[in-house]
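K.L.:
Fold the following.
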Amino acid sequence: MPLEALIFDVDGTLAETEEAHRQSFNEAFAAFGLDWSWGKELYRELLQVTGGKERLQHYVDAWKPRGSEMVLARFAEIYEETSARYAALVKSGAVPARPGVRRLITEAHARGVRLAIATTSLRESVNVELRAMFGEEGLSWFAVIAAGDVVAHKKPAPDIYRFALDTLGCGPGSCVAIEDSENGVKAARAAGLPVLAAPSYYLKGDDFTLATSVLSDLGEPDRPCRQISGLRFDRDYVDIDGLEAWLSKQQQFCAEAPTDPAQVINRSVEMG
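P.N.:
Predicted coordinates for the structure are as follows:
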């Protein structure tokens, strides 16, 4: 079954966005007179909640910091301010693409491999990121941009990936999800997709056991990626030819997968 589409997560996958999000939240808090400050370790914990609005709501509910009543009363305003500050950071060039991302997306578009987005981020945040990477034309490269509240349940629920697949009109076996988080991997795998995981800075401690392959990043011809675990690539950066070979190997592995645990281990070694 040939490769039909690549489905990308956004935050942490296309770029290391989370530090910019953390900064934007803190700046918005200060603008509204709050003494809240999300440090890196706290934010790492908060990232286990998917979706920026959900993350802020969780913080208010779980920590109940001083000023919570005002935040709940002006929640939409504060989140809008956060989003505006994040957009300004992206437009300024402060959120560069991760290694290999621009190259892979450009190659996929040129070779007719369809592109899609499956993210909990708001649509406008996705648009800002794609425009910064590829210009206005880049938005048209993506056949599907499944973002924000387009589905009721966010990752790790598989809804966003199922929505993307249904809209693409593709089966999961002919597509590849590219993710950076445990919740994202769980969502994609539950939708039946093979998953290439490249952990982002804040989520390196996540459990990526369910990912088909785990790499340090997508790599470049002159800057090899590091293969961490799972089904191995035949080269040290991710391109369309490599993905097609990898997908074929994955399909073969699934078709021939034994049920005996010892055979599973032996077969994994053979395919790796």
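
K.L.:
in the protein, what secondary structure element scores lowest on mean pLDDT?
P.N.:
Lowest by mean pLDDT, DSSP states H and E among the helices and strands of the chain is helix 261-271, with a mean of 40.

K.L.:
where does this protein dip in pLDDT?
P.N.:
Counting by pLDDT under 70, the chain shows low-confidence ranges at 257-272.

K.L.:
Distance check, the residue nearest to Thr119 when sequence neighbours are not counted against Leu34.
P.N.:
Spatially, and ignoring its direct neighbours in sequence, Thr119 is nearest to Val10 (4.1 Å; CB to CB, 6 or more residues apart in numbering). Yep, even glycine has a C-beta here, placed from its N, CA and C like the rest. As judged by CB to CB, to the nearest Å, Val10 and Leu34 stand 27 Å apart.

K.L.:
on that earlier part again, in contact with the residue nearest to Thr119, which residues?
P.N.:
Taking CB atoms under 8 Å, 6 or more residues apart in numbering, we find Val10 in contact with 17, 117, 119, 121, 125-126, 129, 147.

K.L.:
and what of Ile178?
P.N.:
Ile178 makes contacts with 6-9, 13, 195-198, 218, as judged by CB under 8 Å, 6+ apart.

K.L.:
Next, it: phi, psi?
P.N.:
Phi and psi for Ile178, reported as degrees, to the nearest 10, are phi -120, psi 120.

K.L.:
give me the beta-bridge partners of it?
P.N.:
Phe8, Leu196 (DSSP bridges).

K.L.:
Repeat that for Ala15.
P.N.:
Here Ala15, judged by DSSP bridges, has bridge partners Asp11, Ala97.

K.L.:
Please report the distance of it from Leu34.
P.N.:
For Ala15, the distance to Leu34 (CB to CB) stands at 27 Å.

K.L.:
before we move on, what about Ala152?
P.N.:
Distance, Ala152 to Leu34, by CB to CB: 30 Å.

K.L.:
And those two? Which one has more around it.
P.N.:
A side-by-side neighbour count of Ala152 and Leu34, using other CB atoms under 10 Å, places Leu34 first with 17 against 7.

K.L.:
that older thread, from the contacts of Val10, which ones fall inside strands?
P.N.:
Per DSSP state E, strands hold the following members of the contacts of Val10: Ile117.

K.L.:
among the contacts of Val10, who's most crowded?
P.N.:
Thr119 (28 neighbours).

K.L.:
what's it in contact with, if anything?
P.N.:
Thr119 touches 8-11, 126, 146-148, 160, counting by CB under 8 Å, 6+ apart.

K.L.:
residues contacting the nearest residue to Arg223 once chain neighbours are set aside?
P.N.:
Using CB to CB, 6+ apart and skipping the chain neighbours, the partner closest in space to Arg223 is Pro99 (6.0 Å). For Pro99, the contacting residues are 217-220, 223, 225, by CB under 8 Å, 6+ apart.

K.L.:
Double-check that Pro99 belongs to a helix.
P.N.:
No. Assessed by DSSP: H, G, I helix; E, B strand; the rest coil, Pro99 does not belong to a helix; its assignment is coil.

K.L.:
Leu215 contacts Pro224, correct?
P.N.:
No. With contact defined as CB atoms under 8 Å, Leu215 and Pro224 do not form a contacting pair (10.0 Å).

K.L.:
Neighbour count: the two, which is higher?
P.N.:
Leu215 (24 against 14).

K.L.:
For the stretch 1-150 of the chain, which segments count as helices?
P.N.:
Listed in chain order, the helices of the stretch 1-150 of the chain (DSSP state H, counting those that start in this stretch) span residues 18-31, 40-46, 52-63, 68-73, 75-91, 101-111, 123-134, 136-140.

K.L.:
Over to the stretch 151-272 of the chain?
P.N.:
Going by DSSP H, counting those that start in this stretch, the stretch 151-272 of the chain shows helices at 159-168, 182-190, 240-256, 261-271.
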